[in-house]
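# here is my input; please provide its structure:
(chains A and B)
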Amino acid sequence: MTKLAVIDYGMGNLHSVSKALEHVADTGVTINVTADPETILSADKVLFPGVGAIRDCMSELHRLELSEVVKECAKTKPFLGVCLGMQALLDSSEENNGIDCLGIIPGTVRHFVHGMKDDDGEKLKIPHMGWNEIFQMTPHPLWKDIEDGSRFYFVHSYYVELAKPDFIAGSTNYGGPFTSALARENVFAMQCHPEKSQHAGLQLLKNFISWDGSV
Amino acid sequence: MGLAKRIIPCLDVDNGRVVKGVQFVDIRDAGDPVEVAKRYDEQGADEITFLDITASSDNRDTIVHVVEQVAGQVFIPLTVGGGIRTVDDIRRMLNAGADKVGINTAAVHRPEFVREAAEKFGSQCIVVSIDAKCVSGEGEPKKWEIFTHGGRKGTGLDAIEWAIKMVEYGAGEILLTSMDRDGTRDGFDIALTSAICDAVDVPVIASGGVGNLDHLADGIIKGKADAVLAASIFHFGDHTVGEAKAHMASRGIEVRRMAAKPAE
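Alright, predicted model coming up:
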């Protein structure tokens, strides 16, 4: 029996994440949407989601005493951060006039610059919303059976800028390339929403469910 | 290459049933929103929008059940509009599995509601729906006004100024419907669409008037919209979403090609 915990800290709607996981999980997997530290720490793998603003995200994590739990899980367990759950792993974010994050992965979270143009000179909207390509920058078990350059669903105004390029797992173009997925040992995180990215997203979640955390 | 332009089929739902006659010949129950949403998902729709037109407030919960069921089977973004008036309405829709809500009349009545909603749930899930009608005369500079009640009631609000204000208040996306074109099949109001797209920094969905595939492409190329929404062109089986995408691609528009289904 594999126990998968989806960390529920009140940031956004976890219905979609758990439904998508249930859709691809076989009967040997139990999915627990939970804020209980014990349940999370005893899970075999952990999904760290998030939608909304980073200040609320960090204050809820602290209030529910989950910051240390997330850090602990990120040391050992197969760990998937999604959207704000990716950004929270970094050192800090520019959002809400600057917020300290969990500091698990070195780097900062920056705002897209207003007035960006695409190759044809059309202005690029913020938020970056819709289906964009992720180019796989490194082989990884979570990319299994996903074609390089597959489109995933994004909706965000801030993006991750890693301190060192070593952990870039996926890159996406929006007024220039940005890090849309990162990987370090047992940790994988992505800016897009795999639970809303139809076949490619479901394949990634399926890969996560069967991932043992090694690369 | 980069961000794809989106195609969004829209379903009108009354008391939990799809209305405005979806006419797929090979679908078991064309009134079932779940069946119809699944079909559009299989065709490659990039998102699906539900417009709840249930008149009686007693039956408001039907749309919640619809969203719950669809969200358990269709893994693309879902938007729900119609009757969203309070923070609780939004919370119920998001908890049911919607990704975004469309706010229309309630924003006109009380613009602060948009700000409160965006602060509470984030701009990414707040779509402000704008129904606009041309009010300028022949030969005058173009001017559009916001209308409510299906285009019957003018508000005196200038559409462009309103769009800018709604974005300032926290709208993450604008769903723009031309009330002059809605239901006509004459194509989008391109002048209106491009005027709004030029005025705001957030994505704009063009709506109202699609009668053929060129209209969809025109909405993107001439109207500069980020996404196009249509109902009857897909419902009546004139075209599939896949055909629409192929046509848009043939006119040089970047669209999403579906990935392979995960292996069982």
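# what is the end-to-end distance of stretch A:59-69?
14 Å (CA to CA, to the nearest Å).
# so which bits of that stretch are buried?
A:60-61, A:64, A:66-67, A:69 (16 or more other CB atoms under 10 Å in any protein chain shown). C-beta here means a position set from N, CA and C on the backbone, and glycine is covered the same way.
# for stretch B:109-127, same thing?
Neighbour-count burial for stretch B:109-127 [16+ other CB under 10 Å]: B:111, B:113-119, B:121-127.
# so which of the residues you listed reach chain A?
When contact is defined as CB under 8 Å from any CB of the partner chain, the buried residues of stretch B:109-127 meet chain A at B:121-125.
# any chance of these in a markdown table, with pLDDT and distance to A:Arg184 too?
Converted to a markdown table, these look like this (pLDDT from 0 to 100; distance: CB to CB, whole Å):
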| residue | pLDDT | distance to A:Arg184 |
| --- | --- | --- |
| B:Phe121 | 87 | 31 |
| B:Gly122 | 87 | 27 |
| B:Ser123 | 90 | 30 |
| B:Gln124 | 90 | 27 |
| B:Cys125 | 92 | 30 |
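# so where do the helices sit in the stretch 1-150 of chain B?
B:33-43, B:61-71, B:87-96, B:105-109, B:112-121 (DSSP state H, counting those that start in this stretch).
# so the second one versus helix B:87-96, what angle?
Going by axes from the mean of the first three to the mean of the last three CA atoms, to 10 degrees, helix B:61-71 is angled at 30 degrees with respect to helix B:87-96.
# just checking, what packs against helix B:61-71?
Packing contacts for helix B:61-71, counted by 3 or more CB pairs under 8 Å, 6 or more residues apart in numbering or on different chains; DSSP states H and E, involve helix A:15-24, strand B:6-14, helix B:33-43, strand B:48-52, strand B:78-81, helix B:87-96.
# so which of these is the most packed in?
Of the helices and strands packed on helix B:61-71, the one with the most neighbours on average (mean count of other CB atoms under 10 Å in any protein chain shown) is strand B:78-81, at a mean of 26.
# who wins for proximity to B:Gly219 among the helices and strands packed on helix B:61-71?
Closest of these to B:Gly219 is strand B:6-14, at 10.2 Å (criterion: CB to CB).
# adjacent strands (with direction) for that closest one?
strand B:17-19 (antiparallel), strand B:48-52 (parallel), strand B:227-230 (parallel) (DSSP bridges).
# ok, the biggest strand by length in chain A near chain B or not?
Under DSSP state E, the strand in chain A containing the largest number of residues is strand A:177-184. No. Between strand A:177-184 and chain B, judged by CB under 8 Å from any CB, nothing touches; the nearest distance is 10.3 Å.
# just after that strand, pick out the following helix or strand.
Toward the C-terminus, strand A:177-184 is succeeded by strand A:187-190 as the next helix or strand (DSSP states H and E).
# in its sheet, what does that next one sit against?
Strand A:187-190 has the following strand partners under DSSP bridges: strand A:79-82 (parallel), strand A:177-184 (antiparallel).
# so for the helix or strand where B:Ala246 lies, mean pLDDT?
Per DSSP H and E, B:Ala246 falls inside helix B:241-250. On average, the pLDDT along helix B:241-250 is 98.
# what packs against it?
Packing partners of helix B:241-250 (3+ CB pairs under 8 Å, 6+ apart): strand B:6-14, helix B:33-43, helix B:213-221, helix B:232-235.
# so how far is the last one from its chain's centroid?
Think helix B:232-235. 14 Å (CA atoms, centre = their mean, to the nearest Å).
# what is the rounded mean pLDDT of that helix?
88.
# please apply the same query to stretch A:115-124.
85.
# so what touches the helix holding B:Ala246?
Residues outside helix B:241-250 that contact it (CB atoms under 8 Å, 6 or more residues apart in numbering or on different chains): B:5, B:7, B:9, B:40, B:43-45, B:213-214, B:216-217, B:220, B:230, B:233-234, B:255-257.
# and if we set it to 7 Å?
B:5, B:7, B:9, B:40, B:43-45, B:213, B:216-217, B:220, B:234, B:255 (CB atoms under 7 Å, 6 or more residues apart in numbering or on different chains).
# please report phi then psi for the nearest residue to B:Trp144 once chain neighbours are set aside.
Of all residues not flanking B:Trp144 in the chain, B:Ala159 sits nearest, at 3.8 Å (CB to CB, 6 or more residues apart in numbering or on different chains). When read as degrees, to the nearest 10, the backbone of B:Ala159 gives phi -60, psi -40.
# beta partners for the residue at minimal distance from the centre of chain A?
Geometric centre of chain A, nearest residue: A:Val82, 2.1 Å, by CA atoms, centre = their mean. Counting by DSSP bridges, A:Val82 is bridged to A:Met190.
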